[in-house]
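Novice: Let me see the structure of the following:
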Amino acid sequence: MRGARNPTVPGQPGPSPDDDELYAARPEIYQQSVAGRLRTIKWAILFGCLGIYYFLPFVRWYRGPNLPNQAVLVDLANNRFYFFFIEIWPQEIYYVTGLLVLAALVLFLMNAIAGRVWCGYLCPQTVWTDLFMTVERWLEGDRRERMLADKGPMTAERFLRKVAKHALWLVIAWWTGGAWVLYFADAPTLVRELATFQAPAVAYASIAVLTFTTYALAGLMREQVCLYMCPWPRIQAALTDEYALNVTYRRDRGEPRMSVKAAVRAAAAGEPAGDCVDCRQCVVVCPTGVDIRAGSQMGCIQCGLCIDACNSVMTKVGRPQGLIAYDNDVNIERRAAGLEEIYPIVRVRTVLYAVLIAVVGLVMLYGLWNRSFTDISVIHERNPMFVRLSDGAVRNAYTIRVLNKRSQARLFLLAVDDLPMATRVGAVGSLPSDGPWPLLEVGPDQTRDFVVHVTVPAGAALAASTPMAFRLTELGTGDVAVGQDHFVSR
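Specialist: The predicted model follows:
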């Protein structure tokens with residue numbers, strides 16, 4: 001076991017320097033605020049994502065009578081998922097599978113184009129951690145102020161600021177958990193029940209769990225989630241290639257590092273001098289504490305804040321921007337060889353992902369556009385399989401389950417195909433009908449079972465088991481649903 005070696009035992013080596021690094025306490029990261037183009041993009045994504053998450057449950061969408069009017073709702077009580085004009089039933093779980101496949105393919109495409117851009121801009125852990133850090137800077141000051149305060153004594157003002165910070169963190173975490181449960185019930189109603197302590201116990205328990213996890217992950221653990229808990233950095237490394245754009249320190253331009261004055265002296269002496277002034281601004285603005293100048297690292301979430309910080313410094317010292325930029329590994333070698341930079345976004349990998357996304361998306365759209373709002377399933381009575389009547393006719397019994405996915409009651413005509421014309425069909429619970437076929441009524445958004453008896457007259461030439469079909473036709477619209485089974489005669 002590493003770290004447990006006894007140097008006094010002959011033949012057993014003592015602890016190595018790596019052991020000290022492995023078990024050393026990780027220093028706290030004091031992130032410094034930064035301004036720039038990428039930081040502005042992150043602000044826009046942060047407020048956009050949080051705005052959608054917190055307020056989407058309150059968006060209304062009228063679907064008709066007897067149906068919920070919440071735009072996005074996971075209705076567990078009635079086994080439904082509503083997304084604006086789309087209604088998903090439990091039998092259509094394959095649409096959820098399709099969405100998961102689409103999400104995975106989009107993630108792969110984003111990785112092929114710009115590395116861990118998901119981690120840097122869209123990941124919930126990144127978004128909420130960014131929000132919590134913003135609250136921290138607002139109440140306790142920027143990096144320098146927080147570092148000096150933590151080295152000093154605990155004053156009353158510092159204590160109150162920390163209490164206010166953690167209190168605001170808990171409020172954000174509580175509203176995060178509260179917003180999540182609003183997707184599972186009518187939001188205004190549930191908010192009123194929560195405020196008057198009349199909500200179900202599971203709602204309070206869910207909010208408590210999500211409050212704790214949000215507070216712990218975004219406020220206390222922060223970058224450790226990305227470094228030690230998240231599996232995506234390990235998976236992503238196997239899905240990238242040398243053409244993917246990643247936040248890159250352009251070593252060929254930045255080295256050797258030296259201050260501005262030292263660079264002037266080196267230039268006067270005819271010695272090489274890089275553009276990097278070793279100011280470490282790229283390090284202090286990194287939310288995970290990575291020094292991008294050391295190369296690609298698992299801790300780098302590709303947020304691009306180091307690019308904004310470096311561009312700001314380069315502007316101040318009068319040097320071109322782009323010392324740190326989104327670049328690929330190929331261009332470093334091409335610049336060293338004096339070749340032109342290339343950024344092949346369209347290549348086999350990205351085209352393949354894009355085609356797969358288009359295929360899966362089109363298949364899902366086709367299924368949604370052409371899906372039926374009626375479903376029928378047939379279960380043959382097994383005991384007995386058939387009954388021979390006194391006149392020689394043969395009767396089979398079936399349980400027909402009819403699913404009505406519309407919000408109004410519907411009438412269906414049940415007919416039988418592939419059997420002799422003189423076949424009689426009767427259904428328990430059917431409405432009076434003028435024709436030979438029974439008339440079935442199914443309520444709005446309802447599943448109803450009918451016991452159906454199919455009788456074939458004596459003398460009909462049938463095999464021992466004859467394939468047949470139940471055809472369900474809606475009166476008015478003509479929508480048809482078909483259920484397959486067999487008629488057993490001997």
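Novice: Against Q125, how distant is the residue nearest the centre of the chain?
Specialist: Geometric centre of the chain, nearest residue: A103, 6.7 Å, by Cα atoms, centre = their mean. According to Cβ to Cβ, to the nearest Å, A103 and Q125 sit 16 Å apart. (Each C-beta comes from the backbone N, C-alpha and C, glycine too.)
Novice: outside of the strand or helix carrying the residue nearest to the centre of the chain, which residues touch it?
Specialist: In the assignment (DSSP states H and E), A103 maps to helix 93-114. With contact meaning Cβ atoms under 8 Å, 6 or more residues apart in numbering, helix 93-114 is reached by 81, 88, 117-118, 236, 239-241, 244-246, 302, 326, 345, 349-350, 353-354, 356-357, 360-361, 363-364, 367-368.
Novice: Among those, which ones are in helices?
Specialist: With helices taken from DSSP state H, the overlap with the contacts of helix 93-114 comprises 117-118, 236, 349-350, 353-354, 356-357, 360-361, 363-364, 367-368.
Novice: Got phi/psi on the residue lying closest to S259 once chain neighbours are set aside?
Specialist: Nearest residue to S259 in three dimensions, chain neighbours excluded: V277, at 5.7 Å (Cβ to Cβ, 6 or more residues apart in numbering). Here is the backbone geometry of V277 (degrees, to the nearest 10): phi -100, psi 10.
Novice: Could I get the contacting residues of V277?
Specialist: Contacts for V277 (Cβ under 8 Å, 6+ apart) come out as 257-260, 263, 313, 317.
Novice: do the same with P384
Specialist: P384 neighbours (Cβ under 8 Å, 6+ apart): none.
Novice: confidence score at it?
Specialist: In this model, P384 is scored at 87, pLDDT.
Novice: Q236 too?
Specialist: Q236 is given a pLDDT of 82.
Novice: now do R293
Specialist: 90.
Novice: likewise Q12?
Specialist: At Q12, the predicted lDDT confidence score is 48.
Novice: go on, the one 4 residues further on?
Specialist: Each residue has a pLDDT score; the one for S16 is 49.
Novice: so where do the helices sit in the stretch 51-200 of the chain?
Specialist: Under the criterion DSSP state H, counting those that start in this stretch, helices of the stretch 51-200 of the chain are mapped to 93-114, 117-121, 124-140, 143-151, 156-181, 187-195.
Novice: what's the second one packed up against?
Specialist: Packed against helix 117-121 by the contact rule (3 or more Cβ pairs under 8 Å, 6 or more residues apart in numbering; DSSP states H and E) you find helix 37-55, helix 93-114, helix 232-236.
Novice: So which residues of this protein form strands?
Specialist: If DSSP state E is used as the criterion, the strands of the chain fall at 72-75, 80-83, 86-88, 246-249, 324-327, 374-380, 387-388, 394-404, 410-417, 424-428, 439-442, 446-456, 465-474, 480-488.
Novice: so which of the helices and strands packed on helix 117-121 gets nearest F184?
Specialist: helix 37-55 (14.2 Å; Cβ to Cβ).
Novice: what's the angle between that closest one and helix 187-195?
Specialist: Put simply, helix 37-55 runs at 80 degrees to helix 187-195, going by axes from the mean of the first three to the mean of the last three Cα atoms, to 10 degrees.
Novice: quick one: the helix holding A103 to chain centroid distance?
Specialist: Averaged C-alpha coordinates place helix 93-114 at 9 Å from its chain's average position (Cα atoms, centre = their mean, to the nearest Å).
Novice: okay, it in CSV with CA atoms only?
Specialist: The C-alpha trace of helix 93-114 is given here as CSV (Å, rounded to 0.1, in the frame of the first residue of the first chain):
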residue,chain,number,x,y,z
ILE,A,93,-40.9,5.2,-24.2
TYR,A,94,-38.8,4.7,-27.3
TYR,A,95,-39.1,8.5,-27.9
VAL,A,96,-37.2,9.0,-24.6
THR,A,97,-34.6,6.5,-25.8
GLY,A,98,-34.3,8.5,-29.0
LEU,A,99,-33.8,11.7,-27.1
LEU,A,100,-31.0,10.1,-25.0
VAL,A,101,-29.3,8.8,-28.2
LEU,A,102,-29.6,12.3,-29.8
ALA,A,103,-28.1,13.9,-26.6
ALA,A,104,-25.2,11.4,-26.7
LEU,A,105,-24.5,12.1,-30.4
VAL,A,106,-24.7,15.9,-30.0
LEU,A,107,-22.2,15.5,-27.1
PHE,A,108,-19.9,13.5,-29.3
LEU,A,109,-20.2,16.1,-32.1
MET,A,110,-19.4,19.0,-29.7
ASN,A,111,-16.4,17.1,-28.5
ALA,A,112,-15.2,16.4,-32.1
ILE,A,113,-15.5,20.1,-32.9
ALA,A,114,-14.3,21.9,-29.7
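Novice: So which bits of it are buried?
Specialist: For helix 93-114, the buried set under the neighbour-count rule, 16 or more other Cβ atoms under 10 Å, comprises 95, 98, 105, 107-114.
Novice: Could you point out the member of the residues you listed that lies closest to D391?
Specialist: Ranked by distance to D391 (Cβ to Cβ), the buried residues of helix 93-114 are led by Y95 at 49.6 Å.
Novice: Report the helix or strand with the lowest average pLDDT across this protein.
Specialist: Of the helices and strands making up the chain, the lowest-confidence element is helix 17-23, at a mean of 51, by mean pLDDT, DSSP states H and E.
Novice: picking up where we left off before, with mean pLDDT added, can I get the strands of the chain in a markdown table?
Specialist: Output for those, formatted as a markdown table (pLDDT from 0 to 100):
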| stretch | mean pLDDT |
| --- | --- |
| strand 72-75 | 91 |
| strand 80-83 | 88 |
| strand 86-88 | 85 |
| strand 246-249 | 91 |
| strand 324-327 | 92 |
| strand 374-380 | 88 |
| strand 387-388 | 89 |
| strand 394-404 | 90 |
| strand 410-417 | 88 |
| strand 424-428 | 84 |
| strand 439-442 | 88 |
| strand 446-456 | 88 |
| strand 465-474 | 89 |
| strand 480-488 | 89 |
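Novice: okay, the ones you listed, which one's buried deepest?
Specialist: Sort those by mean neighbour count, taking mean count of other Cβ atoms under 10 Å, and strand 246-249 sits at the top with a mean of 22.
Novice: partners of that one in the sheet?
Specialist: Strand pairing for strand 246-249, using DSSP bridges, gives strand 324-327 (antiparallel).
Novice: Show residues contacting the partner strand.
Specialist: The contact list for strand 324-327, computed with Cβ under 8 Å, 6+ apart, reads 114, 245-250, 282, 292, 304, 306-307, 310-311, 341.
Novice: Nearest to C49 among those residues?
Specialist: Of all the contacts of strand 324-327, G304 has the smallest distance to C49: 16.9 Å, by Cβ to Cβ.
Novice: any idea which of the contacts of V277 is closest to V451?
Specialist: Distances from V451 to those, taken by Cβ to Cβ, are shortest for V313, at 80.5 Å.
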